[in-house]
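Asks: Predicted model and sequence follow; I will ask about them next.
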Amino acid sequence: MKFIVLPDGSAGESIAEAIQNGGGGDDVVTHPSGRPWIVGTWHAHELITTIAGDRKIALLGCALVNGQDLTDTIGRVRDLGGLDRIARTVPGAFHLLASFNGQARVQGNISGTHQIFHAQIGPTTIAADSPHSLSRLTGACVDDDIVAQHLLSPLPPWPLYDRCLWSGVHRLAADSYLELTPNGGPRLIRWWTPPSPETSASEGAVAVRSALTDAVAARTGTGGTVSADLSGGMDSTSICFLASDSPAHLVTARITVKDPSNDDGFWAGRAAAELVGAEHRVLPRERLPMNFFGLTEPDPDAEAPFAWLRVRGQFEHQARESAAWGANRHLTGHGGDELFMPLPGYDHTLVRTHPIKYLRRLGAQRALRRWRLGNTVKELLDGGSYARWLETAAESVTEPEPPSWVPSMAWSSPPVLAPWTTDEAVHAVRRCFRRAATAHPEPLSPLRGQHQFLQGVHQCAEALRRADRLTTRFGVTWHAPYLDSRVVEATMSIRLEDHCDPRRYKPVLADAMRGVVPADILGRQTKGEFSEDVYAGLHRNHSELLTLTEDMRLERRGLVDASVFRSALVGPHPYSRNIQLLLSTLACEVWLRSIEQRSQQEPGLVSPGGMR
């Protein structure tokens, strides 16, 4: 699916003509006026539209709703703002587009699996689901300051990750919608705020179960064959049990791992034995592309460096397998950790809202996470603003990553740059942080736990969105029901203390799935670890990875010292988390090479010489 949204005016007509003359825009949906509104390419099942007079609604994606419900909604609401209920309550994941009386509303969902970007052509603002589409139309250049911040590990924090790599192209915040007027003038309107976490554990379990059941039904309700991950973890297992009770034929897939101490296979086998009627496939690790395989090949998606680049080959292989099994949709458990694993920021919030109750649990929390008392107390007492945290983070990007016994109860984990980044890259990243701090941005939520929650959801959703673009090329769309808006909101509404029982693993999800997933599986207390596969892939593909250190595009731009990076790539890596620094650099390098190649193959894309 790829599309551009145009305002209801003569300027939109001209832009649509240019798109179609350039060979794009196989599918067109018009405004009620008859002018072109949505121009792009999609499958028929991905689009739901309804019209009533001079009002029209379109949902692009996966939605559990019928046209009559949308028609009834049009009749009840007075303006575009009245459509908030659709965005909040309709199960699934989709772009919501509406055209009322010449005004247009454009938005994605609150996680970001369905994202909107916008840019101006002259005085006219247009929107799209991809920044690359807009960069081609506007002749936008790549901003090297933003490239530099993608060298950070972990990923850039809010609001830096909302900045698009293409100058003049903007990412729409997940909590907002874009309103386009006939003359193209835009308005950004915030429609969603995080819910207050006041729902009890029992009520919350019911809400999460209902939302997740509907999310899976949105993908399986039409029947056919659906494939799904069955890793053995609670997240994917829950999705499989929900999908097994649907009109669709379920084919589960499990990838074996190298580490013999990883017990995912044992738990997946127990779940498979209970999934009556499902078909089960095991993909031997030896027959799959290893971690870091095929990185010299260009990334087919030009949006940004791909966070899950090291397993790109596995996504492609699994999509081919799913297609061979007759599936055109694949369900994954991604997003479960982000929703149900208690974050250190919860501790920072709970010690202020429920101090006595929290302090009774502090010893167990420290033992579970191996936190040292002094570091824990220091983090709990910190009360700095988000802008202040950004200022501090700007100064600390060259410091080593803190050890595991130091809890990260700040607004975000401290981002760091690798030793092979240049002074120019360091200065660029610090400029980005300081510029953001000067604007005094509000955090995603005033509660640190919820801020960390939403930041993790957004970053997982971006990677999932990119994975879906990758697998769609093989005829299989990738879906993460946990990242649907209703599931995210239901989870966020539950009291933080009910997420944080150190004696139980993912208590919110376990309570929600009671009666759906067998109790012994919900009681699993272990979690699979995959660093041995990462090390094996890094070793096996060393020669191929070293070719990426030759004539590095990052070095051309003054952001990386290629010789230092090469030494790090072949050197020892005693801690698997340090490999993330390598991956951030590799992702940026692969992305720059990819857009360079596409600029040579596709007319209308700005040449690499136009980058700054």
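Replies: Now that the structure is in, tell me what you want to look at.
Asks: And what about residue 147, helix, strand or coil?
Replies: Here residue 147 is helix, with the state taken from DSSP: H, G, I helix; E, B strand; the rest coil.
Asks: Scan this protein for its longest helix.
Replies: Of all segments of type helix in the chain, defined using DSSP state H, the longest is helix 448-472.
Asks: List the neighbouring strands of whichever helix or strand comes after that one plus their orientation.
Replies: Where DSSP states H and E defines the elements, the next helix or strand beyond helix 448-472 is strand 477-479. Partners of strand 477-479 in the sheet, by DSSP bridges, are strand 329-331 (parallel).
Asks: Next SSE downstream of the strand it pairs with?
Replies: Next helix or strand after strand 329-331 toward the C-terminus (DSSP H and E): helix 336-340.
Asks: Show me what that following helix is packed against.
Replies: If you count contacts as 3 or more CB pairs under 8 Å, 6 or more residues apart in numbering; DSSP states H and E, helix 336-340 packs onto helix 234-244, helix 448-472, helix 485-492, helix 507-512. Yep, even glycine has a C-beta here, placed from its N, CA and C like the rest.
Asks: nearest to residue 406, of these?
Replies: helix 448-472 (15.6 Å; CB to CB).
Asks: before we move on, back to that, which of the helices and strands packed on helix 336-340 sits closest to residue 435?
Replies: Closest approach to residue 435 among the helices and strands packed on helix 336-340 is made by helix 448-472 (18.8 Å; CB to CB).
Asks: Mind listing what's buried along the closest one?
Replies: For helix 448-472, a neighbour-count test (16 or more other CB atoms under 10 Å) marks 448-472 as buried.
Asks: Same question for stretch 438-445.
Replies: Result for stretch 438-445 [16+ other CB under 10 Å]: buried residues 441, 443-445.
Asks: and if you look at stretch 59-79?
Replies: Neighbour-count burial for stretch 59-79 [16+ other CB under 10 Å]: 59-65, 70, 73-74, 77.
Asks: And the helices in the stretch 251-400 of the chain?
Replies: Using DSSP state H, counting those that start in this stretch, the helices of the stretch 251-400 of the chain run over residues 264-274, 312-324, 336-340, 344-353, 355-369, 373-381, 386-396.
Asks: let me fix that: the stretch 1-150 of the chain
Replies: Using DSSP H, counting those that start in this stretch, the helices of the stretch 1-150 of the chain run over 10-21, 67-76, 84-89, 131-138, 144-149.
Asks: for the second one, packing partners?
Replies: Contact here means 3+ CB pairs under 8 Å, 6+ apart; on that basis helix 67-76 packs against strand 47-52, strand 55-63, helix 84-89.
Asks: which one of the ones you listed is the most hemmed in?
Replies: Counting by mean count of other CB atoms under 10 Å, strand 55-63 has the highest mean neighbour count of the helices and strands packed on helix 67-76, with a mean of 22.
Asks: tell me the two of the buried residues of stretch 59-79 that are most distant?
Replies: Across those, no pair lies farther apart than 62 and 77, at 22.9 Å, counting by CB to CB.
Asks: ok, the residue most central in space within the chain - contacts?
Replies: Centroid-nearest residue in the chain: residue 461, 1.5 Å away (criterion: CA atoms, centre = their mean). Residues near residue 461 by CB atoms under 8 Å, 6 or more residues apart in numbering: 111-113, 335, 480, 483.
Asks: ditto for residue 289
Replies: Listed by CB under 8 Å, 6+ apart, the contact set of residue 289 reads 313-314, 316-317.
Asks: and it, what pLDDT?
Replies: pLDDT for residue 289: 89.
Asks: What separation do you get for the nearest residue to it once chain neighbours are set aside and residue 320?
Replies: Nearest non-adjacent residue to residue 289, counting by CB to CB, 6 or more residues apart in numbering: residue 313, 3.1 Å away. From residue 313 over to residue 320 the distance is 11 Å, taken as CB to CB, to the nearest Å.
Asks: Give me the more crowded residue out of these two.
Replies: Neighbours per residue, other CB atoms under 10 Å: of residue 313 and residue 320, the larger number sits with residue 313, 20 against 14.
Asks: Could you report the separation of the nearest residue to residue 323 once chain neighbours are set aside from residue 324?
Replies: Nearest residue to residue 323, sequence neighbours excluded (CB to CB, 6+ apart): residue 475, at 4.8 Å. Distance from residue 475 to residue 324, counting by CB to CB: 10 Å.
Asks: Likewise for residue 383?
Replies: Taken as CB to CB, the span from residue 383 to residue 324 is 56 Å.
Asks: quick one: which helix or strand includes residue 536?
Replies: Going by DSSP H and E, residue 536 is part of helix 531-540.
Asks: pLDDT of stretch 205-218, averaged?
Replies: For stretch 205-218, the mean pLDDT works out to 98.
Asks: Next: stretch 520-532.
Replies: Averaging pLDDT along stretch 520-532 gives 80.
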